[in-house]
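Q: Generate coordinates for the sequence data below:
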Amino acid sequence: MRHNQGIWDAHVHTHGGCTVDGYLRNGRDNLSASGLDGMNLLCVRHGRSACISDAEALLLKALLPGRFTVYCNPAFQIEEFGSDAEGLFKQILGFAEAGADGVKLGDGEAGENVNLDSPLYDAIFSALEKTDLPALFHVGAAPYIPARRYFQKNKYPVAGPPWMVYTGKQDDDQEATSRISRENLAERHQQIDNLLSRHPNARVTFAHFFFKADDLDGMADFLNRYPNIRIDITPCSDLYYHLSQTPKRSRDFFETYSDRLIFGTDNEMELDPVLQISLIRQFLETDETFFSVKYGFDITGIAPLQKETLKKIYCDNFRKMVPGTAVNAKKAASYCEYLYETVKEFAEMPKENALEVLEVARRFQAMRGS
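A: Below is the predicted model of the structure:
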């Protein structure tokens, strides 16, 4: 039995550039290490030098059906993909045609001063409604990051292992900080409200609890007004701190909105997946107060949750929303060929990386004849 059987991670970042076979091996190895039923791969376009991982992700999905789903990322600031409203609309249609299961969106991708209710996002949300693709949208940041503490290290020169040795202020406890003002976060939330009011049929999951874990009443009101909205519980620098302050209230919220919560870790496919999974399960399945090594503060679990609630959060809610469609090899090959033709002249793109996309297209073409 897998140690995380019955769990689907809906929030896993993925990157390429390690050869096609290296990418496929990473996917298989991470799935084996995590013990999960499956993963949703988020293919974020990190500029012109790294914007092609969706090709390999689609291939991994095709080779291991039922174990991976794929969310593609629109290229907001790469003109060759079509970065105006019309081009973004067409990008979403292309993702659906290629066999993607959804769309990944990030606050700030369209530009630092672009509002989230601008015509660019209207075009994307119109395409979501037309294709019925769901989206995962990271909006905002933590307005309050709690004080952090770290394991103490030897402050004197020693020849011992490096993890014992104090290396400076990065090893020191830290005071509470923030990444965004509450006023700025409220503005972003209001822009999303404006956008959703115009696109009520768009199916969107907001990452990291929409950075509203310190306002469960406001979160409840938001969910009540928009029945197609979900929130994921991916850990971040403040989420479980806030939920730990009122564990009974948090437990009641999780039970009341058990159909609207999605399990996700924010892991990366190339890194050890177990720590984040363990943290979330300890929070959901115990009522203990425990130290989070990664985030540097104590977390209090909200157990007991009903078994059905856990089942929904761990897997059923996401799989109901994203059952996973079969990849059409012919259409996927065409998409990869288009992707290669788009990026092959990018000066920032290593030639070997671009050629990986062409190799993926070739393998999809071979599937058509098998």
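Q: Run through the stretch 251-370 of the chain and note the low-pLDDT ranges.
A: 369-370 (pLDDT under 70).
Q: Helices of that one, start to end?
A: Secondary structure of the stretch 251-370 of the chain (DSSP state H, counting those that start in this stretch): helices located at 274-285, 307-311, 317-321, 329-343, 351-369.
Q: who wins for proximity to residue 206 among these?
A: Ranking the helices of the stretch 251-370 of the chain by their distance to residue 206 (criterion: C-beta to C-beta) puts helix 317-321 first, at 13.3 Å. (Glycine included, C-beta is placed from N, CA and C.)
Q: chain center to the closest one, what's the gap?
A: On the basis of C-alpha atoms, centre = their mean, to the nearest Å, helix 317-321 sits 15 Å off its chain's mean C-alpha point.
Q: Report pLDDT for the residue nearest to residue 199 when sequence neighbours are not counted.
A: What sits nearest to residue 199 in space, not counting adjacent residues and going by C-beta to C-beta, 6 or more residues apart in numbering, is residue 125, at 3.9 Å. At residue 125 the predicted local distance difference test score is 98.
Q: Just to check, residue 364 is in contact with residue 328?
A: No: because the distance of 9.1 Å does not satisfy C-beta atoms under 8 Å, residue 364 is recorded as not touching residue 328.
Q: neighbour-wise, which of those two wins?
A: Taking neighbours as other C-beta atoms under 10 Å, residue 364 and residue 328 compare with residue 364 leading, 26 against 17.
Q: pLDDT below threshold where in the stretch 1-150 of the chain?
A: Residues of the stretch 1-150 of the chain meeting the criterion pLDDT under 70: 1.
Q: Which residue ranges of it form helices?
A: Across the stretch 1-150 of the chain, reading from the start of the chain, the helices by DSSP H, counting those that start in this stretch fall at 20-34, 53-63, 85-98, 119-131.
Q: in the protein, which spans are strands?
A: Listed from the start of the chain, the chain has strands (DSSP state E) covering 8-13, 38-43, 68-72, 102-106, 135-138, 204-206, 229-232, 261-262, 267-268, 289-291, 298-300.
Q: which residues touch the second one?
A: When contacts are defined by C-beta atoms under 8 Å, 6 or more residues apart in numbering, strand 38-43 is touched by residues 8-14, 27, 30-31, 53-54, 57, 60-61, 66-73, 101-102, 104, 136, 264, 269, 318, 322.
Q: For those residues, I'd like a selection string for ChimeraX - just the buried members, please.
A: Applying 16 or more other C-beta atoms under 10 Å to the contacts of strand 38-43 leaves a buried subset, and the ChimeraX line that selects it is:
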select :8,9,10,11,12,13,14,27,30,31,53,54,57,60,61,67,68,69,70,71,72,73,101,102,104,136,264,269,318,322
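Q: Verify the contact between residue 140 and residue 187 for me.
A: No: between residue 140 and residue 187 there is no contact, the gap being 9.5 Å when judged by C-beta under 8 Å.
Q: ok, those two, which is more surrounded?
A: When residue 140 is set against residue 187 and neighbours are counted by other C-beta under 10 Å, the residue ahead is residue 140, at 23 against 15.
Q: mind checking the backbone torsions on that one?
A: Dihedral angles of residue 140 (phi, psi; degrees, to the nearest 10) stand at phi 90, psi -170.
Q: OK, contacts around it?
A: Contacts of residue 140 were listed using C-beta under 8 Å, 6+ apart, and they are 107, 180, 185, 188, 189, 210, 211.
Q: Residue 242 reaches residue 214, doesn't it?
A: Yes: taking contacts as C-beta under 8 Å, residue 242 lies within contact range of residue 214: 4.2 Å.
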